[in-house]
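Peer 1: Based on what follows, work out the 3D shape:
(2 chains)
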Amino acid sequence: MSEGDQTAKRKDPESIYRNVIHEKFKPSIDRNLCIKCKRCVKECSFGALEWDDDGIRYKGNCVACQRCVATCPVKAIDIVHLPTQYPPHASYTERVRQAITAQATSGGVLLSSCGTDMPYGMIFDDLILDSAQVTNPSIDPLREEVETRTYVGRRTGKITLSSDGYITGSEATSPIVAMDMPLMIGHISLGAVSYNTQLALLQAAKNLHILAGSGEGGLHSDFFPFAENVIGEVASGRFGVTADYLQRTAAVEIKIGQGAKPGVGGHLPGEKVTELISSSRRIPLGTDALSPYPHHDIYSIEDLQQLIAALKESTEHRVPVGVKIAAVHNVGAIASGVVRAGADFITLDGFRGGTGSSPRVIRDHAGLPIEVATAVVDKRLTAEGLRNRITLIAGGSIRSSADMIKVIALGADVASVCTSALIAMGCQVCQSCHRGVCAWGITTQRPDLVSRLDPAIGAARVTRLYTAWNEELKEVLGAMGIDAVESLVGNRDRLRYFGPNPKIAEVMGVKHVGEGWG
Amino acid sequence: MALNSEVRKAIAEGSKRIIIDGVMGQRYIGSAAKAKDLYVAIKGTPGNDLGAFLDGPTIEVFGNAQDMTGNTMSSGRIVVHGNAWDVTGLSLRGGRILVRGSSGFRVGIHMKEFGKERPAIVIGGTTGDYLGEYMAGGNILVLGEGVPEGESPVGSFIGTGIHGGSIYVRGKVEKHQLGMGASISDLGAEDVKLLDELITDFENAFNVKVERDWSKFTKIKPLSSRPFTGRFDSTAIWN
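Peer 2: Got it, this is the predicted structure:
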């Protein structure tokens, strides 16, 4: 052993163990193209690059977020997958071994963010849509009206009839909110994301005439003008839940669970509790913002009924009050209880749903796919005669208009999206939100990074994305010969299962490919 | 709820003094009421969620209150001349709750504070377990009136997960009663000033006298405002 080796060993005897956690990616810089402008060094908020006398040097810690690639003025950077190999093993995969090594070093609970990246199959990709042929002609959505207007709230109403049986009037008997498409932007809190990000999302919701979730961080006073487009969340931490807040929402949602971390509370680390966040959450600067795991006023369906009623009373019955639950094994019975507790809408969040921070073990191993949960809840509520009381919102890995259409056919009224909106604003799903240094200025509170996202551009991009999805929805509805999206809700007969496990199709109430109408 | 809509109507019409007689368990009374100069007197027993989301008014109960009194209250004042049952002052953000008698389990859970918004709960008698769980700010004072010498006026798991604010107990508190993250500390001059102010308020509210022997008071405070630092590992791991 050389003297140098011995010194290293004395200084940090465990470094050899840590060193087996390999770097996965690396920026590869074309030295012939590089003009040494050092832009990439400034752009990399993960500190992966540094200027070393006469060139850019890689220090490690690349998360492949593409920020340096996107900002290099001469396109000299590529992110490459490093070739380092572990001895191959199908059970002790790289992922498994890296987690063991990391935890043997830290003794900590592994954190991650975004939706799970575990290679569970996507059931959406095993579902195939029907189309109209001959006997049920298709509709050309460019020349005929295809209705995508969707309502959120309790689906009860009253019609008045004349003595000879004609309808003379109709009115909703509960508050209901109209949206121009069967899609809402899910709950992403100010705190998890930056001010500019939330502003962009709310502006996009306004442009699109849809709703967006506030997340559990309350609503910044600057965002009060978006009240008509906001579903105000009431989570276990009750951050920012004030009488004023309840007056400035189009709907209120009690968050019981989140798909990415069912049963787990929130933990916004003190680093992210800046002046802005502390004032909107009404907590001291720099303290951890902890959301308790359960709501301490909800231990039963009766208690939930009570909070729903308290919120309805507090909003003078002006807005729908819903409940968000994570998709878990017994979700059908839970949803039934939630409807009976008086919810006007239920938001189901599937296990692939996103998060700004979650224990990895929960994110990767708990919950239920949204496809199955949606179908199971729709079937259960229909069987119990409750389905028509509520609006069913489903989210957690709705990646495209196809997923949106399929989740509606499986039983949802509304698809809830988050990650795709963030991708529209630069997110590359690097699963590093919890580190608070998002290079795209999304999941960070660092002012220099926050300013990287122009809210006007962000809003425009999100608006374009979902406008396109809605056009695609109309194309598909037309092709199916359906002239209003409401007729697709729970229309599982327009889906066929083309996957490896017919049991899943059976549970969802979807026929296998090749099976006809009856 | 019919009662509460009457109350709302009276507030909307500009009433500043509302007296409700013969209350028998009606819930949500005064929820999200805002007028700062509004006074609501309740004679009888209000139901759960009395003054939920309250932001300004004063509610005085001449009787006992049920669960979740002052749930997620922002500001204002709730004075209960009898006992208040479980989960009093959940997520209290500002204002003050005074209870002449005792309260149940989970009092002052996840109270917060921000700048000058420093909520306080004063309980004249005893409380159950989980007092000040998840507490993030504000002050709780338990006076332990009527508790025999040598017995504790509070239960177990005091301040579990506390990361802000202070809990003061007059009477015996043993270490085993503390929850995770809570610690016992000595009273300082600031504490005595605060306690004197809270006790004076309590005395005036109920027209009673409370003995001020500071040696009998125990202060419970958080070990850290960042209790979970070091618990997590952010190592990036991919497939």
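
Peer 1: Every contact and neighbour count from this point should use C-alpha atoms.
Peer 2: Will do.

Peer 1: what does the lengthiest helix in chain B rub up against?
Peer 2: Ranked by residue count under DSSP state H, the longest helix found in chain B is helix B:189-206. Outside helix B:189-206, the residues that touch it by C-alpha atoms under 8 Å, 6 or more residues apart in numbering or on different chains are B:79, B:81, B:98, B:100, B:122, B:141, B:208-210, B:212, B:214.

Peer 1: Of these, which is the most crowded?
Peer 2: B:Val122 (26 neighbours; other C-alpha atoms under 10 Å in any protein chain shown).

Peer 1: pretty sure that residue is touching B:Leu141, no?
Peer 2: Yes. Checked against C-alpha atoms under 8 Å, the pair B:Val122 and B:Leu141 is within contact range at 4.7 Å.

Peer 1: Now do the same contact list for A:Gln103.
Peer 2: A:109-110, B:233.

Peer 1: need the helices for the stretch 1-150 of chain A, in chain order.
Peer 2: Ranges of helices within the stretch 1-150 of chain A are A:3-11, A:15-18, A:39-43, A:67-71, A:94-106, based on DSSP state H, counting those that start in this stretch.

Peer 1: before we move on, the earlier item: could you point out which element follows the longest helix of chain B?
Peer 2: strand B:217-222 (DSSP states H and E).

Peer 1: Give me the sheet partners of that following strand and which way each runs.
Peer 2: strand B:164-170 (antiparallel), strand B:182-185 (antiparallel) (DSSP bridges).

Peer 1: before we move on, back to that, with distance to A:Val437 as added columns, please give the contacts of A:Gln103 in CSV.
Peer 2: Putting these into CSV (distance: C-alpha to C-alpha, whole Å) gives the following:
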residue, distance to A:Val437
A:Val109, 20
A:Leu110, 18
B:Asp233, 16
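
Peer 1: will you turn the residues you listed into TSV that also has pLDDT?
Peer 2: Converted to TSV, these look like this (pLDDT from 0 to 100):
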residue	pLDDT
A:Val109	95
A:Leu110	95
B:Asp233	92
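
Peer 1: Pick the one among the residues you listed closest to B:Asn48.
Peer 2: Of all the contacts of A:Gln103, A:Val109 has the smallest distance to B:Asn48: 38.1 Å, by C-alpha to C-alpha.

Peer 1: ok, for that closest one, nearest residue in space, not its chain neighbours?
Peer 2: Closest residue in space to A:Val109, ignoring its immediate chain neighbours: B:Phe232 at 4.6 Å, by C-alpha to C-alpha, 6 or more residues apart in numbering or on different chains.

Peer 1: That neighbour and A:Ser112 touch, don't they?
Peer 2: No. Contact between B:Phe232 and A:Ser112 fails when scored by C-alpha under 8 Å: they sit 10.0 Å apart.

Peer 1: who's more crowded, those two?
Peer 2: Legend: neighbour count by other C-alpha under 10 Å for B:Phe232 and A:Ser112, higher for A:Ser112 (29 against 16).

Peer 1: Bridge partners for the more buried one, pull those for me.
Peer 2: Beta bridges link A:Ser112 to A:Ser358, judged by DSSP bridges.

Peer 1: okay, and for chain B, where does confidence drop off?
Peer 2: Along chain B, segments meeting pLDDT under 70 span B:1.

Peer 1: What segments of it are strands?
Peer 2: Per DSSP state E, chain B carries strands over the ranges B:17-24, B:39-45, B:55-62, B:75-80, B:96-99, B:120-123, B:136-142, B:164-170, B:182-185, B:217-222, B:232-233.

Peer 1: Packing partners of the third one?
Peer 2: It refers to strand B:55-62. Contacts defined by 3 or more C-alpha pairs under 8 Å, 6 or more residues apart in numbering or on different chains; DSSP states H and E place strand B:55-62 against strand B:39-45, strand B:75-80.

Peer 1: deepest of those strands, which one?
Peer 2: Greatest average neighbour count among the helices and strands packed on strand B:55-62 goes to strand B:75-80 (a mean of 25), per mean count of other C-alpha atoms under 10 Å in any protein chain shown.

Peer 1: How about that strand and chain A, any contact?
Peer 2: No. Contact of strand B:75-80 with chain A (C-alpha under 8 Å from any C-alpha of the partner chain) is absent, the minimum separation being 9.5 Å.
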